[in-house]
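Visitor: Provided below for reference: sequence and predicted model.
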Amino acid sequence: MAHNLQVHSTSADDLNSDPAGLETGKEGSGPAPIPSQGHPLSRTPNWIDALFLLFLAGLAALPPVREPHKQIILAAIALLQIFEARLVRVSPRFGRSYAVILKILLATVLLDHTSEMAINSSYWPIYLLPVVTAATYFGTWATLAWTALTSAAFCSLLIPALQDFTITAEAVGELVTRIVFLFLAAMLINRFSVEIRRRAQASQALAEELAVTNKRLGEVQEEARRSERLAALGQMSAGLAHEIRNPLGVIKGSAEMLTKKLQDSNPLASELAGYISSEVNRLSALVARFLDFARPQALELVPGDVSEVVDRALAAVRAQRPDAKVVVERRYIEGLPVVRMDDRLAEQVFQNLALNAYEAMEPDGGILSVEIAGARRDGADGVEVTLRDSGPGIPPEISEQIFNPFFTTKKTGVGLGLAIVSKIVDEHNGSLRLESEPGRGACFHVYFPAAGISAHASNAPQLHES
Ligand SMILES: Nc1ncnc2c1ncn2[C@@H]1O[C@H](COP(=O)(O)OP(=O)(O)O)[C@@H](O)[C@H]1O
Ligand SMILES: [Mg+2]
């Protein structure tokens, strides 16, 4: 049985990787890690503590001895029990050892005060207190060591007795029996305690994993909702835009004719007709742009390097806004996986995002930090580009709407930039995630799945598609 216990506890201890580095030995010689919920005793209901104190009070009131020292020692034990959890919290490294040592000392003193000859005291089972405490806190080997120390303290009571008496073989047998009982109790409790600690840690790890999965699930659901909404909205407005285009053509033609006809006879009317025609031009351009967005695109997927595409996009935006006081900080990880993408469309994604960042940081400028790193999503490798600006950020109440076509907060904005980004990323089976706290800038994460070939192979001509 002892062998069984040991094997059990050792393997359990191996599973307890201690984040705080409290574990001092592989075979469980050091203090066992405290589960983050706190000290095991701190979770026991208060009534158990109360019961414990009641038993101590019972000991205090009971014969065989009624003497003040005994009462004081019992009170000290009670106090230690009450403040033990706090002691462990204050000194996570040594608190548990202090608690056990104090209990051994108090138990030894108690025995000394409860019998003429301390070794004969009927209070000897009080040594279970330090033994049980050690068994709940420590691994197997440390528990054995603490129990041995407790036994040594017990045996030390022989020293004064041996000065006046000689010890019989029977008494030695009795003493050894008691010590064996201490070890038995220690091992039994240690076995359960180690198992409980292991389970607590396993369930904590599981809970953490679950929280991560839940978060990811929420994100995926949000993305799916966004895509659905965009698809529905896109279809509807594409139909509408198509219908608007024809009458616009007629209005435009008529306005142009009017301008020409009235040029000499009625200059004012001619000027007004000119306005109609120029505004119609603006509307036509908008409708054309939207139809471009809504039209299903044939992707030309070619394996390529995302960082080149990002650099081209950043250069294009810089060229569009040469006077912007924006500092671009780049952090690209080397050896990124190759991504299959439509270069032109992917460049548009980063152009639109960078342009928004530039616009958000107007007029004072700021920092646009661009990071490119490998990432794993749903078990697949890919590349994640993160664009973080130091602008005003995006308020949570519009963080979903900004991806809708025609949603804009800018005076001259069209509101198609992010809708286009979202659509292109979707078509690449990627994902787009916004992270923004107002006042701390906006941060867009764009993920593209990898092509499944290494960076080296990307130069091999046979892998290119035409
Ligand atoms: N980096 C950013 N910082 C703050 N707000 C942003 C940022 N990017 C986008 N937005 C918000 O999202 C809206 C929609 O952006 P977009 O679709 O590109 O259209 P537009 O730029 O024409 O307004 C913007 O009007 C703005 O309110
Ligand atoms: Mg924009």
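Guide: Structure received. Residues are numbered from 1 along each chain as shown. Ligands and ions are numbered 1, 2, ... in the order given.

Visitor: could you check how far the nearest residue to residue 101 once chain neighbours are set aside is from residue 333?
Guide: Excluding the flanking residues, the one nearest residue 101 by Cβ to Cβ, 6 or more residues apart in numbering is residue 130, at 7.9 Å. For the C-beta atoms, the positions are set from N, CA and C on the backbone; glycine is no exception. According to Cβ to Cβ, to the nearest Å, residue 130 and residue 333 sit 54 Å apart.

Visitor: looking at these two, which is more packed in?
Guide: Neighbour comparison, residue 130 and residue 333: the larger count goes to residue 130, with 26 against 13 (by other Cβ atoms under 10 Å).

Visitor: quick one: name whatever helix or strand follows the host helix or strand of that one.
Guide: Assigned by DSSP states H and E, residue 130 belongs to helix 128-137. Note on helix 128-137: by DSSP H and E, the next helix or strand toward the C-terminus is helix 140-156.

Visitor: what residues of the very next helix or strand once past that next one count as buried?
Guide: Per DSSP H and E, the first helix or strand lying C-terminal to helix 140-156 is helix 158-164. Buried positions in helix 158-164, judged by neighbour count with 16 or more other Cβ atoms under 10 Å: 158, 161.

Visitor: list the contacts of the closest residue to ligand 2 within the stretch 101-250 of the chain.
Guide: Going by Cβ to the ion, ligand 2 is nearest to residue 230 of the stretch 101-250 of the chain, at 15.6 Å. Residue 230 makes contacts with 403, 404, 405, 419, 422, 423, 426, as judged by Cβ atoms under 8 Å, 6 or more residues apart in numbering.

Visitor: and for the third one, nearest residue in space, chain neighbours not counted?
Guide: It stands for residue 405. residue 419 (4.1 Å).

Visitor: hmm, residue 404 and that neighbour touching each other?
Guide: Yes: assessed by Cβ atoms under 8 Å, residue 419 is found in contact with residue 404 at 6.4 Å.

Visitor: count the residues that sit near the residue of the chain found nearest ligand 1.
Guide: Closest residue of the chain to ligand 1, Cβ to the nearest ligand atom: residue 417 (2.3 Å). Neighbours of residue 417 under the rule other Cβ under 10 Å: 23.

Visitor: which strand or helix spans the nearest residue to it once chain neighbours are set aside?
Guide: Leaving aside its sequence neighbours, residue 417 sits nearest to residue 352 (Cβ to Cβ, 6+ apart; 4.1 Å). When elements are assigned from DSSP H and E, residue 352 belongs to helix 343-360.

Visitor: list the buried ones in the next helix or strand after that helix?
Guide: Sequence-wise, the next helix or strand downstream of helix 343-360 (DSSP H and E) is strand 366-377. Within strand 366-377, the residues that qualify as buried are 366, 368, 369, 370, 371, 372, 375, 377, counting by 16+ other Cβ under 10 Å.

Visitor: near ligand 1 at all, strand 366-377?
Guide: No: against ligand 1, strand 366-377 shows no contacts by Cβ under 6 Å from any ligand atom, the least distance being 8.9 Å.

Visitor: and that strand, which strands flank it?
Guide: strand 326-332 (parallel), strand 380-389 (antiparallel) (DSSP bridges).

Visitor: wait, isn't residue 380 in contact with residue 447?
Guide: No: the criterion here is Cβ under 8 Å, and residue 380 misses it with residue 447 at 9.7 Å.

Visitor: more crowded one of the two?
Guide: Using other Cβ under 10 Å, the more surrounded residue of residue 380 and residue 447 is residue 447, with 21 against 12.

Visitor: now do the helix or strand where residue 97 lies: everything it contacts.
Guide: Per DSSP H and E: residue 97 is located in helix 95-112. Here helix 95-112 makes contact (Cβ under 8 Å, 6+ apart) with 31, 69-70, 73-74, 76-77, 80, 84, 87-89, 91, 118-119, 121, 123-124, 126-127, 129-130, 133-134, 137-138, 146, 149-150, 153-154, 156-157.

Visitor: ok and the helix or strand encompassing residue 210 relative to strand 366-377, angle-wise?
Guide: If you go by DSSP H and E, residue 210 is part of helix 169-265. Interaxial angle, helix 169-265 versus strand 366-377 (axes from the mean of the first three to the mean of the last three Cα atoms, to 10 degrees): 120 degrees.

Visitor: and helix 169-265, does that touch ligand 1?
Guide: No: residues of helix 169-265 contacting ligand 1 under Cβ under 6 Å from any ligand atom: none, with a closest distance of 11.5 Å.

Visitor: the residue in the stretch 251-400 of the chain that ligand 2 sits nearest to - nearest residue in space that isn't next to it in sequence?
Guide: Residue nearest to ligand 2 within the stretch 251-400 of the chain (Cβ to the ion): residue 356, separated by 4.5 Å. Counting by Cβ to Cβ, 6+ apart, residue 356 lies nearest to residue 417, which is 5.9 Å off, once chain neighbours are set aside.

Visitor: list the contacts for that neighbour?
Guide: Residue 417 neighbours (Cβ under 8 Å, 6+ apart): 352, 353, 355, 356.

Visitor: what about the second one, how many residues close to it?
Guide: Read that as residue 353. 25.

Visitor: dump the residue contacts of it.
Guide: Residue 353 touches 387, 417, 421, 444, 446, counting by Cβ under 8 Å, 6+ apart.
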